[in-house]
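# Okay, structure incoming, though there's no sequence with it:
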């Protein structure tokens, strides 16, 4: 799906401007990294383009669908049908295994398919391990596998490599940007190691100061 932003403004407590994006277009199936320092508003940006938050002003459109012009019920339906989200806090269910955390999101598939998704991220031996017993880096990879499992049209990832070494961070990102995955990918991160892996890279600080330059 194609993302279009117009005159998007986000504020803190409805008062102080956090960032402003005059215009941004991301084409269908594009793979984009948006980098910037911690606390700059990157997570808020992802929540706005997913419809989890509403902007102070402006518009978010996926293809021809404006997230500001549909009901909360249809927003929820849009996310369920189109979106995979890797949250910074991961939101795994501690009492379930790695495999169950993934399979729960699409029970039309088999648990063997969930195991395969984990194996692709180097977790083939962790499929039956409770998510609460995994390292933070392993939990991040489970969260990415879960987001991809339903093959959504959009993947949004919030700091997906923050607890990974360089080898595992590179493997995870290459899995996300696989050209065979027909999905629009937006990753926000302060991890500068990721910049060479993406074709499109945006500096979030541009939107904090003088507007987007994309």
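That came in fine, so what should we check first? The shown structure was predicted, so the numbers you read here are calculated from the model rather than taken from an experiment.
# what helices or strands is the helix or strand bottoming out on mean pLDDT in the chain leaning on?
Least confident helix or strand, the chain: helix 205-209 with a mean of 79, by mean pLDDT, DSSP states H and E. On a contact count with 3 or more C-beta pairs under 8 Å, 6 or more residues apart in numbering; DSSP states H and E, helix 205-209 meets strand 16-26. (C-beta placed from N, C-alpha, C; glycine too.)
# Now find how far off-centre the strand it packs on is within its chain.
18 Å (C-alpha atoms, centre = their mean, to the nearest Å).
# what comes up buried for it?
The neighbour-count check on strand 16-26 (16 or more other C-beta atoms under 10 Å) flags 18, 19, 20, 21, 22, 24, 26 as buried.
# Same question for stretch 194-205.
Of the residues in stretch 194-205, those buried (16+ other C-beta under 10 Å) are 194, 197, 198, 201, 202, 203, 204.
# gap between the third one and residue 141?
Same thing as residue 198. Using C-beta to C-beta, to the nearest Å, residue 198 is found at 19 Å from residue 141.
# do the same with residue 4
For residue 4, the distance to residue 141 - C-beta to C-beta - is 31 Å.
# what does residue 24 give?
29 Å.
# for residue 110, same thing?
For residue 110, the distance to residue 141 - C-beta to C-beta - is 20 Å.
# Between those two, tell me which one has more neighbours.
residue 141 (27 against 10; other C-beta atoms under 10 Å).
# Leaving out the residues flanking it, which one is nearest to that one?
By the measure of C-beta to C-beta, 6 or more residues apart in numbering, the closest residue to residue 141 outside its immediate chain neighbours is residue 121, 4.3 Å from it.
# Next one, pLDDT for residue 212 please.
You'll see residue 212 listed with a pLDDT of 41.
# Show me what the helix of greatest length in the chain is packed up against.
Taking DSSP state H as the criterion, the chain has its longest helix at helix 136-149. With contacts taken as 3+ C-beta pairs under 8 Å, 6+ apart, helix 136-149 sits against strand 83-86, helix 98-103, helix 111-119, strand 154-158, helix 166-176.
# Give me the distance between the residue lying closest to residue 60 once chain neighbours are set aside and residue 202.
Nearest non-adjacent residue to residue 60, counting by C-beta to C-beta, 6+ apart: residue 67, 4.5 Å away. Using C-beta to C-beta, residue 67 is found at 20 Å from residue 202.
# for residue 122, same thing?
29 Å.
# Now stretch 28-38: buried residues?
30, 31, 32, 33, 34, 35, 36.
# other SSEs contacting the host helix or strand of the third one?
So the one you mean is residue 32. Element membership for residue 32, per DSSP states H and E: strand 31-35. On a contact count with 3+ C-beta pairs under 8 Å, 6+ apart, strand 31-35 meets strand 184-189, strand 200-203.
# got CSV for these, with distance to residue 42 and mean pLDDT too?
As requested, the helices and strands packed on strand 31-35 are exported to CSV (distance: least, C-beta to C-beta, whole Å; pLDDT from 0 to 100):
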stretch, distance to residue 42, mean pLDDT
strand 184-189, 4, 96
strand 200-203, 10, 94
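# Could I get these in JSON lines, plus columns for distance to residue 94?
JSON lines is the format used below for these (distance: least, C-beta to C-beta, whole Å):
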{"stretch": "strand 184-189", "distance to residue 94": "25"}
{"stretch": "strand 200-203", "distance to residue 94": "35"}
